[in-house]
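Visitor: predicted model and sequence below, questions to follow.
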Amino acid sequence: MWKMKEYVSGGEREESLLEQESDGFCSLSPIQRMYAFAACLGSGLVIMFLSLIVFAKPIKFALLFTFGNVLAVGSTAFLMGPERQLRMMLDSVRIYATAIYVGFVVLALICALLIHSKILTIVAIICEICALFWYCLSYIPFARRIVSELMVRFCDTEL
């Protein structure tokens with residue numbers, strides 16, 4: 001089908017996201033990249049789900065949950081390449097969301113590994129989830145504005 005489109009459009013064909021060369025050092029085929037993405041995302045989601053088993057032990061929960069979270073977010077690097085992933089994360093639209101997310105990931109690990117505070121670890125994990133949600137909204141046009149307006153509308157105390 002793409003050959004027909006190539007013929008009709010005059011011989012030029014745009015490459016899809018998976019067909020583009022990703023940073024030169026990754027020589028995976030598009031199918032291998034899809035499998036790696038699915039495996040990495042699936043592993044991250046399974047680890048996050050399994051972390052709920054040790055929820056009573058917040059330090060172990062924080063380690064497993066944060067590792068699964070970072071694995072799931074990093075899985076998209078297989079689709080677009082690590083360089084493009086970082087460029088998109090550091091784009092002016094989502095630089096603050098990325099910084100807040102990474103900050104809370106680090107804070108959760110510090111609370112779990114160095115401070116050993118269960119309450120601070122749980123608070124950091126909740127903030128990490130909220131930051132990830134806000135970061136994900138940055139990829140959907142106007143989503144953050146809509147959510148902000150809804151929050152103001154629902155949480156406004158003035159009648």
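Guide: Cool, the structure landed. Numbering: from 1, shown residues only.
Visitor: just the strands from this protein, written as ranges.
Guide: Assigned by DSSP state E, the strands in the chain number zero.
Visitor: how about low-confidence regions in it?
Guide: 1-26, 157-159 (pLDDT under 70).
Visitor: just the helices in it please.
Guide: 2-8, 30-51, 58-74, 77-80, 82-89, 95-110, 118-137, 143-155 (DSSP state H).
Visitor: who are the contact partners of the residue most central in space within the chain?
Guide: In the chain, the centroid-proximal residue (Cα atoms, centre = their mean) is Val73; its distance is 3.0 Å. Going by Cβ atoms under 8 Å, 6 or more residues apart in numbering, Val73 touches 44, 132. To be clear about C-beta, it is placed using only N, CA and C from the backbone, and glycine gets the same treatment.
Visitor: can you check Leu71 too?
Guide: Contacts of Leu71 (Cβ under 8 Å, 6+ apart): 40-41, 43-44, 47.
Visitor: from Arg87, how far out is it?
Guide: 21 Å (Cβ to Cβ, to the nearest Å).
Visitor: and if you look at Ala131?
Guide: As judged by Cβ to Cβ, Ala131 and Arg87 stand 20 Å apart.
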